[in-house]
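> Let me see the structure of the following:
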Amino acid sequence: MEDRIITYGGQAVIEGVLMRGQKALAIAMRAPNGEIVVHTEKLSGLYQSAVAKIPFLRGVILLSDALALGMRALTRSANLQTGEDEKIEGPMLYLTIAFSLTFGIALFFLAPYGIGKLVDWLAALLGWSQGGNAWVIAIAEGIARLVIAVGYIWAIGKMPDIQRVFQYHGAEHKTINAFEAGAELTPESVSKFPLEHPRCGTSFLLTLLIFSIFAFSLLHPLAWVWQVLGRILLIPILAGIAVEYIRWTANNLASPFVRAIIRPNFALQGLTTREPDFSMLEVAIRSFEEMRKAEQQ
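Next up, the predicted model:
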């Protein structure tokens, strides 16, 4: 069971699903003509290296690599739908990733800090505090960060195209849940399994945001420049901790305590998954099976 937990994961793409193992990945996509198009490729040796076994460090390195793989997979799936053959690789790929990371850091980590400072200034203006209150800033920043994250996910989930991506996200989860339960991988069988999965990236995001609330509160006695830089520099460290936490909870689901503390993670997954139809489950299953075949070659 430990091998299964470590090995298999994935993500939804446009009209398709990416499934990733330790040695290979597969992307199955529904083409406009209704056919399922599959792409497989071997993963870099990073996934089997000694680095992949070092707690905390492995999370940061593998997440950064997975981000690049995911970006390429999304581009491939989008090109299939439009009939274009544009590749994002090399400098363009890294520029795209850098822009995405910059946007994410600004929206989810720096903007809440600004909101916290604004709330502190308003509290002092109204005579509710003396200003510069670390607790006021920390609490306001933490609440703002969670509201922005949940609000952003809820808002994009209203878009029809994103709703279909969320359905494929659900198909990915159901397929992996079915495999880990030892069930037959058919649309009829897989459809009976839950939408939620303990190793979901949504769970990682919520865990990272919650951990950041406590870690960033320790920065408030510092000068504002170090408060800002500290938030950026702590993100990789917190990401590594969040990955280990997610792995630990996934390995200990038999514990009632663990099942209780991951309920918020599952609740947030309710915003990023939708019930897939059988054609979507067929795509997810095909992706998983092709990945398994590629792993054995």
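
> Please count neighbours and contacts with C-alpha atoms only from this point.
Fine.

> what helix or strand is His39 on?
Counting by DSSP states H and E, the element that carries His39 is strand 36-42.

> what does that strand contact?
Strand 36-42 is contacted by residues 23-31, 283, 287, 290-291, 294 when judged by CA atoms under 8 Å, 6 or more residues apart in numbering.

> Go through it and flag the buried ones.
For strand 36-42, burial by neighbour count (16 or more other CA atoms under 10 Å) applies to Ile36, Val37, Val38, Thr40, Lys42.

> Quick check: beta-bridge partners of the first one?
In this structure, Ile36 has the following beta-bridge partners (DSSP bridges): Arg30.

> repeat for the last one
Following DSSP bridges, Lys42 is listed with bridge partners Ala24.

> Just the local confidence number for it, please.
If you check Lys42, the pLDDT there is 93.

> One more: the third one?
Val38 is assigned a pLDDT of 97 by the prediction.

> could you check the distance from it over to Leu18?
The gap separating Val38 from Leu18 is 10 Å, by CA to CA, to the nearest Å.

> which residues are in contact with both of these two?
Looking at what touches both Val38 and Leu18 (by CA under 8 Å, 6+ apart), the common residues are Ala26, Ile27, Ala28, Ser287.

> what about the nearest residue to Ile137 once chain neighbours are set aside, which helix or strand?
On the basis of CA to CA, 6 or more residues apart in numbering, the spatially nearest residue to Ile137 that is not a chain neighbour turns out to be Gly116, at 4.4 Å. Secondary structure assignment for Gly116, by DSSP H and E: helix 111-125.

> Buried residues in that helix, which are they?
Within helix 111-125, the residues that qualify as buried are Ala111, Pro112, Tyr113, Gly114, Ile115, Gly116, Lys117, Val119, Asp120, Trp121, Ala123, counting by 16+ other CA under 10 Å.

> confidence score at the nearest residue to the fourth one once chain neighbours are set aside?
For Gly114, the nearest residue in space outside its immediate sequence neighbours is Glu141; the separation is 7.8 Å by CA to CA, 6+ apart. Each residue has a pLDDT score; the one for Glu141 is 93.

> Can you tell me how far Glu141 is from Ser217?
Distance check for Glu141 against Ser217: by CA to CA, it reads 9 Å.

> more crowded one of these two?
Set side by side, Glu141 and Ser217 show unequal neighbour counts under other CA atoms under 10 Å, the larger going to Glu141 at 27 against 18.

> shouldn't the more buried one be in contact with Ile115?
Yes. Contact criterion CA atoms under 8 Å: Glu141 and Ile115 qualify, at 6.3 Å.

> number of nearby residues for Ala242?
The burial count assigned to Ala242 is 25, neighbours taken as other CA under 10 Å.
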